[in-house]
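[1] Quick one, structure for this:
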Amino acid sequence: MNSIRQVPTRVKSRRTEANLGAEREHFDKQQLNSISKAINSAETPVKEKHARRIILGTHREKGAYTFWSYALGFPLASSSILSWKFCHVLHKVLRDGHRNVLQDCMRHHSSLVEIGTLWSNLHDKYGQLVALYTKLLCTKMEFHAKHSEIPPNLEATDEVLERTAGTDVNNVFQLTVEVFDYLDAELRLAETVIRQLNTSIAVSTLTSGQCRLAPLIQVTQDCSHLYHFTVKLLFKLHACLPADTLQGHRDRFHDQFHSLKTFFNKARDMQYFKRLIQIPKLPDSPPNFLHAASLAKHVKPVVVIPDEYEAEQPDDEDDDPEPLIEVSDVSTSSLQPQPQQLDIFDQTFGPPNGGFDDRDLQIESLKRDLEMLRAELERVKAEAQRYITQLKSQINSLEAELEEQRAQKQHAFVENEQLRMELEATRRRNAEHETSQVVFVEAEKKAQATEQRYNKLKEKHTELVASHAELLRKSADTVRMLSATQQTQEEVERTKYQLSFEVDRIKQEADMKLEEQKFEMEKLKRELEEKLAEMMRLKGTLQSSEMTSEQMNSSVTALQAEKERLMRSVSEKEAELSSLRQTAQVQQSSLQQERERSGRELVDLQGKLQEKSSQEEQLKQRLLEEQFVLLQGTITEAENIIQDAVAKLDDPLHIRCTSSPDYLVSRAEATLGSVDKVKKGHADYLSNMGDAGGLLRALTQFSHLTADTIINGSATAHMAPTDHADRLTENCRGCATQSLQFFKDLKSKTTLPGADTASIRIIVQKILNLGQELRPKGMDVRQDELGDLVDKEMAATSAAIEEAVRRIDEMMNQARKDTSGIKLEVNERILNSCTDLMKAIRLLVIASTDLQKEIVESGRGAATIKEFYARNSRWTEGLISAAKAVGWGATEMVESADKVVLHTGKYEELIVCSHEIAASTAQLVAASKVKAGRNSQRLSALQHASRHVNEMAANVVGSTRTGQEHLEEKETMDFSGLSVIKLRKEEMESQVKVLELESQLENERLRLGELRKKHYEVVGVPSEQVSDGNSQTSSLAYPATMSPKPSKPTLSKKPALAQKPNVPPKATFK
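    Alright, predicted model coming up:
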């Protein structure tokens, strides 16, 4: 018997499971249909009804699992328009979907990043927009995942923002930076969309333009809230931190303010946005954060979304409203009448095997109809709830503004009271001190200004109350329209019997809905009563001020009037609800007429679309012709540049111009790079003749670089040997000929596809090879050993200086033992000055080493240190030469000082060594300065050390000359005992000696000049290239003051110096 009793329960559970499965299947089918219609590759905006169904689906399943399961199947990597519409739908789902949508979307964060990276690397207009949109969505999800108190639609009150920011100034600072980044991402997307719309043919009235502009509605809503958050946070930061610390924040806000204002103004002028959104106006100038009172002038921008408009397309078969819940039909095969067996079991539990009588069939049919009607009613309720939620959000925002105004009013009250107290104190002081009348007048003016400000706040409060009442009236109109729409759909779809049956049900639902509205109105009444009580409390606290009391009474009167208006609106709503049923038939007829009118308008629009297509074809053809004409003009200008360069080859004035092989090689390498760009631009133009920008830029660069190579090749030939000069000049002329032939091929449309740059590349490569052959030979060191050699030479120089200091100390000790008196004083002075000079040189070497490391680290990039030295071999060789020169000069000075102290040398040798050290340090500074940055601190330290070395060298010269004057006794010239004949004879002998010494001096100068010329030949720099200014080593040249001398075994010879002979300078061409 127990099993028999459980039969009805089991049958009911199986029926319930079947209904739930069918309901789930219908939900999945409806979501898939909406998602596939909303996200497609057609260049049309996303329809609001499809997006709305997707959003309702997230609220039903409390997440976005179904949305992502279908969205991941779309080929987003193959269509940029598909990806753009996917991002738009995802943005709307994040803003208006269920609160769990954010968690589901964060699981697919990496997929969004990959899509953005993919489209950012492709040259597609929609692809660029998709890259920016994915970056915005990732930033949005990361921000709201980190700050969960702020919802994704950014509709948070100031209290929530204060709670999120906290009291720690570091958290407020970080939150401000994140809001800045958030707003930057929004503005970057908006600016790119508007810029593309301005540069393309599309306009806001066409579907192609509306497809781009549709997401900017959500961007505008986000930007208004983010702007308000930024202003509040910056005022809070300025209250905690000094103004100088926040200068960067203010500059960044000013840039965002002007960008946002420009975006709002442009969007407000577009026809597309005028019927969809009301964009607020920003003030003319940004808020002054340095003045705390400016916060009271700030008005939160409010974006208003009017009643959404959506054009219905007649060819959309699936756009009819479908119930959110569908009950599976009962199989009719099981409902066939079967013979009844009248037994106890049948009488107790009904017919077996699912048999039903006629009443059961009618009951099942009515149940199915009832479920369909319930689903339809649920859909209408959801639609109405969405409108109510939207209006409530606007009411909440206005109430938040009202609270802000109250807080500002309270602040004004406090300031007014403070000013009144100051005024009373001023009056008391006026009785005691008659001279304080000026202070009293100022306080009185300030009190009047505060009163005026309070009056303005009161007027603003009155305006907000009026806007609140207007919104309540709009809410009533919206409910009336929804009820009318519901009645119209029900009367069309139902039969007379169902209509009579459902009229009573609709009445009951309307009564229930009216009860709900009454409950809402009662709630609003209670809120108004609370506000009234609050205003009464404010009235009690401000009784001390007569003017304030009068203002509060007027505010209470205004609130009472508002309460009466609300009561009248409730009664009007009840009256309108009873009259709506009578207007349903009239609305049905007007709907039919509207459909016929829409069909006629559709035919007219199709004709206009065909006309627009023909105009677009004409514009495309005109664009191709303009691009080709622009290409011809660029080619003509390039030919003039090449011909002008060829004309300079035979110009007599050009013969005096010279250039270095290194500079020619650099120009030729740049020309080869431009040849590749011309080849790529030519291929791009052939594939898309509507865009010749790449080819024009490449041709302009190629013509200038080729002309530069021809001119510098001719200038280099003026200094090269005859054979090399002839070949170089011939190749320059051939380069010009091939370039002009290439330009000639580009001028004609018939020869344009066959134009080739291979011959130009070959001849430029020949010029490059000749330039490399003409390069001067450097040191006999392999390129890969230059890096090690630099370190070795710098270390050897430091070691030589340390050894010199040690030897000078030994000589000082030995001189103190062996000499005394004036000689000891002279020797100590000379050796002390030499020691100071060595210390200065050691500081110079350290500063040069630090600067060298900075140059290598900043210039090598991804290459190694050895590769950097090898790539800059000429500079490296100059640096090595300078280091050797410093070490050699230090060693020579120690030898000369030793000879002077032992009286076996000459003082002149020590003076010449000082000059040589000054020249060597100058060469080291010049070698380090070639590649150093202009604002490098280490370069400044090196120059300071060089000046210190020059000062110490001057001290050595001065102490040497002073000691020489003290030790050498001048003979007294007494010619009183000589006769006239002897005086004449002595005079002639003195003249002969003077002539001999002048002759020796001239011979020595000639010998010095020959030695310097031979020195340049040894280091591989011909005398004709001494005046060259294009090479990097030109800055290493510094004239030495003495010829080479034998040195210590560690430094076998004097290092090679890039010296300049006394030859007339040539005009250097760069």
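[2] What does the pLDDT read for Asn872?
    In the predicted model, Asn872 carries a pLDDT score of 69.
[3] can you check Ala311 too?
    The model's pLDDT for Ala311 equals 42.
[4] for the one 10 residues further on, same thing?
    Residue-level confidence at Pro321 comes out at 45, pLDDT.
[5] Same check on Gly859?
    Taking Gly859 on its own, its pLDDT is 65.
[6] can you check Gln247 too?
    pLDDT at Gln247 comes out at 91.
[7] Do I have it right that Gln394 meets Ser467?
    No. Gln394 sits out of contact with Ser467 when judged by CB atoms under 8 Å, with a separation of 9.7 Å. Using the backbone N, CA and C atoms, a C-beta is placed for each residue, glycine as well.
[8] Of the two, which one has the most company?
    Of the pair Gln394 and Ser467, Gln394 is the one with more neighbours under other CB atoms under 10 Å, namely 20 against 16.
[9] which of the residues in stretch 896-907 are buried?
    Buried residues in stretch 896-907, defined by neighbour count with 16 or more other CB atoms under 10 Å: 896-898, 900-901, 907.
[10] Show me the longest helix that occurs in the protein.
    Longest helix of the chain, by residue count under DSSP state H: helix 358-432.
[11] Please tabulate the buried residues of stretch 896-907 in JSON lines, including the columns distance to Phe27, secondary structure and pLDDT.
    Shown next, in JSON lines, are the buried residues of stretch 896-907 (distance: CB to CB, whole Å; DSSP: H, G, I helix; E, B strand; the rest coil; pLDDT from 0 to 100):
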{"residue": "Ser896", "distance to Phe27": "102", "secondary structure": "helix", "pLDDT": "79"}
{"residue": "Ala897", "distance to Phe27": "101", "secondary structure": "helix", "pLDDT": "77"}
{"residue": "Asp898", "distance to Phe27": "103", "secondary structure": "helix", "pLDDT": "77"}
{"residue": "Val900", "distance to Phe27": "106", "secondary structure": "helix", "pLDDT": "76"}
{"residue": "Val901", "distance to Phe27": "106", "secondary structure": "helix", "pLDDT": "75"}
{"residue": "Tyr907", "distance to Phe27": "107", "secondary structure": "helix", "pLDDT": "75"}
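[12] Who are the packing partners of the longest helix of the chain?
    If you count contacts as 3 or more CB pairs under 8 Å, 6 or more residues apart in numbering; DSSP states H and E, helix 358-432 packs onto helix 158-165, helix 437-493, helix 496-541.
[13] Below-threshold pLDDT in the stretch 551-700 of the chain: ranges please.
    551-553, 555-556, 559, 563, 569-571, 574-575, 577-582, 584-585, 588 (pLDDT under 70).
[14] Recalculate using a threshold of 90.
    551-635, 644-668, 679, 681-699 (pLDDT under 90).
[15] residue ranges for the helices of it, please.
    For the stretch 551-700 of the chain, the helices defined by DSSP state H, counting those that start in this stretch cover 584-649, 661-687, 693-717.
[16] Looking at the ones you listed, which is nearest to Lys261?
    helix 693-717 (31.2 Å; CB to CB).
[17] Could you give me the buried positions within the very next helix or strand once past the closest one?
    Next in sequence after helix 693-717, counting helices and strands by DSSP states H and E, comes helix 722-747. Residues 724-725, 727-729, 731-736, 738-739, 742-743, 745-746 are the ones in helix 722-747 that count as buried (16+ other CB under 10 Å).
[18] could you list every residue that touches Leu136?
    Leu136 sits next to 185-186, 188-189 when contact means CB atoms under 8 Å, 6 or more residues apart in numbering.
[19] Out of those residues, who's the most crowded?
    Glu186 (27 neighbours).
[20] Can you name every helix or strand that the one helix or strand that residue maps to contacts?
    Here Glu186, judged by DSSP H and E, is contained in helix 169-199. If you count contacts as 3+ CB pairs under 8 Å, 6+ apart, helix 169-199 packs onto helix 125-146, helix 158-165, helix 207-213, helix 216-240, helix 247-269.
[21] Pipe the ones you listed into TSV and attach distance to His704 per row.
    As requested, the helices and strands packed on helix 169-199 are exported to TSV (distance: least, CB to CB, whole Å):
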stretch	distance to His704
helix 125-146	30
helix 158-165	56
helix 207-213	38
helix 216-240	42
helix 247-269	35
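[22] just so I know, which of the ones you listed lies nearest Leu56?
    Per CB to CB, nearest to Leu56 of the helices and strands packed on helix 169-199: helix 216-240, 17.5 Å.
[23] how distant is the closest one from the center of its chain?
    19 Å (CA atoms, centre = their mean, to the nearest Å).
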